[in-house]
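1. Give me a 3D structure for the following:
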Amino acid sequence: MSDVRVEHLTTSGVFSLDGGSWDVDNNVWLVGDDEEVVVIDAPHDADAIIEAVGDRDILAILCTHGHNDHVNAAVKLGDAMDAPILLHPDDRVLWDMTHPDREPDGELTDGETFEVAGTELTVIHTPGHAPGAVCLYAPGLGVLFSGDTLFQGGPGATGRSYSDFPTIVESIRSRLLSLPAETVVNTGHGPATTIGAEEANVPEDA
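-> Modelled structure (predicted):
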């Protein structure tokens with residue numbers, strides 16, 4: 001029986017877009033066991049993530065979207081740990097703002113699965129906060145990693161370039177609210193929640 005587990009650390013830095021900058025705290029999620037992990041988002045501080053990983057193999061760095069505060073440590077982390085960086089292709093426009101001279105190593109596609117420590121993560125494309133935003137669902141753990149698509153309190157922000165409120169509402173309603181209500185939602189910023197707790201916080205339409 002695998003001792004797969006979810007580990008959490010928080011890194012701090014700056015989110016920049018549309019000429020503005022904001023201080024932010026980002027969640028980093030590690031899913032794996034004593035031998036191997038996947039890293040979900042690589043913000044701000046590659047060294048802190050490397051320390052959390054230790055001597056384990058990183059199978060992949062899975063980027064929930066391309067905003068700088070989710071990918072700005074990805075290249076340093078990937079190069080240091082010989083780990084591929086994967087991003088949905090629709091978010092290359094955002095990735096290129098942070099890493100114009102370095103492509104991701106591969107693409108995330110809707111429905112794709114990754115196995116780590118005997119558990120599966122499924123990619124769910126949830127555009128709205130960003131065109132290539134994805135969530136990662138681990139049914140065996142009862143956990144969804146939502147990036148900035150769904151937070152405690154409802155949908156992620158859509159007030160900046162490449163985002164759209166009706167699109168994020170449709171993504172959440174059509175792709176996420178059908179998951180079991182008890183599914184834990186581990187977010188890109190702030191506290192965790194559950195699918196059931198957030199259903200009332202998502203508009204019927206937008």
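2. Look up the closest residue to Pro39, ignoring the ones flanking it.
-> One thing to correct before we go on: residue 39 is Val, not Pro. Ile61 (4.8 Å; C-beta to C-beta, 6 or more residues apart in numbering). Every C-beta, even on glycine, is put in place using the N, C-alpha and C of the backbone.
3. Quote the end-to-end distance of stretch 126-146.
-> 9 Å (C-alpha to C-alpha, to the nearest Å).
4. now that stretch: how far from the chain's centre is it?
-> Distance of stretch 126-146 from the chain centroid (C-alpha atoms, centre = their mean, to the nearest Å) equals 7 Å.
5. Let me know the average pLDDT across it.
-> Stretch 126-146 shows a mean pLDDT of 98.
6. Also stretch 157-169?
-> Across stretch 157-169, the average pLDDT comes to 97.
7. List the buried residues in that stretch.
-> Buried residues in stretch 157-169, defined by neighbour count with 16 or more other C-beta atoms under 10 Å: 158, 162-165, 167-169.
8. and the end-to-end length of that stretch?
-> End-to-end for stretch 157-169, by C-alpha to C-alpha: 11 Å.
9. With stretch 78-98 instead?
-> 15 Å.
10. Helices along the chain, start to end?
-> Assigned by DSSP state H, the chain shows helices spanning 46-53, 68-71, 74-81, 92-98, 165-171, 195-198.
11. Save those as a markdown table, and put in distance to Ala181 too.
-> Listed next are the helices of the chain as a markdown table, based on distance: least, C-beta to C-beta, whole Å:
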| stretch | distance to Ala181 |
| --- | --- |
| helix 46-53 | 30 |
| helix 68-71 | 27 |
| helix 74-81 | 33 |
| helix 92-98 | 32 |
| helix 165-171 | 18 |
| helix 195-198 | 3 |
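12. The ones you listed: which one's closest to Ala133?
-> With distances scored as C-beta to C-beta, the stretch of the helices of the chain nearest to Ala133 is helix 165-171 (7.7 Å).
13. about what we covered before: nearest to Thr126, of the helices of the chain?
-> Short answer: helix 165-171, nearest of the helices of the chain by C-beta to C-beta, at 3.9 Å.
14. which strands and helices sit next to that closest one?
-> strand 154-155 (3 or more C-beta pairs under 8 Å, 6 or more residues apart in numbering; DSSP states H and E).
15. Now do the strand it packs on: distance to the chain's middle.
-> Distance, stretch centre to chain centre, for strand 154-155: 15 Å (C-alpha atoms, centre = their mean).
16. And for stretch 112-123?
-> 14 Å.
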